[in-house]
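Trainee: build me a structure from this.
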Amino acid sequence: MVCVVVFAKLAWDVRERETLSLDTSLLSSIHTLSTPWLDAAARAATQFGGSLFVPFITLIITGWLWLKRYRNHALLIFVGVGGASVLSLALKAFFARTRPELWQHLVHETSFSFPSGHAIASAALAASIVAALWFTRWRTVAIIVGVLYVLVIGFTRLYLGVHYPTDILAGWLVAVAWVAAVAVIFLTSPLSLKRDK
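Mentor: Numbering: from 1, shown residues only. The predicted structure is shown next:
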């Protein structure tokens, strides 16, 4: 619920262009870090939050959990990531925010900017895995790895110049809110990766 309220406030501020000055300032600061090596690293790393990697990993994990009869958890991850992706497309179309044009983009993007699809996809994948492992001894590892993964993907989108910081923050909020709702549906009791019978 908190994520939904914060997203609503952020979306309003973005529509009213109240965040543009801060967004632009932060992007300009990040751009000062630019080097050929970081350019190449960012272009490579950002693919791990994109439309090929995230669905591929989601299907592999979902399939493995389903075969192992952890079906609530398989559905949690599949619906968590898949539903977040649908939300991303709908929200982008609704807000129709153009991408930053502060410098020449290092990757080609044609969709709208708000919220960031990469931020939503990466955060949904990480949050879904964390939720699935929440009642296990792997929870802490999942949280640490998930947070690092989400932060790296978010940074690459800013470094590449294709998103404002508020796009990234909005993507994270959408993903966490959606996955939290999905987790409540599929994990209604403290399960510890219990197999379906």
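
Trainee: for this structure, give me the ranges with low pLDDT.
Mentor: In the predicted model of the chain, residues 189-197 satisfy pLDDT under 70.

Trainee: the longest helix in it is where?
Mentor: In the chain, with assignment by DSSP state H, the single longest helix is helix 71-95.

Trainee: the one helix or strand residue 24 maps to: what's the following helix or strand?
Mentor: Residue 24 is located in helix 20-31, with elements delineated by DSSP states H and E. Downstream of helix 20-31, the next assigned helix or strand under DSSP H and E is helix 36-45.

Trainee: and the contacts of that following helix?
Mentor: 106, 107, 152, 153, 155, 156, 159, 160 (Cβ atoms under 8 Å, 6 or more residues apart in numbering). Backbone N, C-alpha and C define where each C-beta goes, glycine included.

Trainee: so what's the gap between that helix and the chain middle?
Mentor: On the basis of Cα atoms, centre = their mean, to the nearest Å, helix 36-45 sits 20 Å off its chain's mean C-alpha point.

Trainee: what's residue 84 in contact with, if anything?
Mentor: 120, 121, 123, 124, 174, 175, 178, 179.

Trainee: quick one: which of these sit in helices?
Mentor: 120, 121, 123, 124, 174, 175, 178, 179.

Trainee: pull the contacting residues for the second one.
Mentor: I take that to be residue 121. 49, 50, 51, 54, 81, 84, 85, 88, 175.

Trainee: correct me if wrong: residue 19 contacts residue 166.
Mentor: Yes. Contact status for residue 19 versus residue 166: in contact at 4.8 Å, counting by Cβ atoms under 8 Å.

Trainee: need the overlap of contacts for these two.
Mentor: 10, 13.
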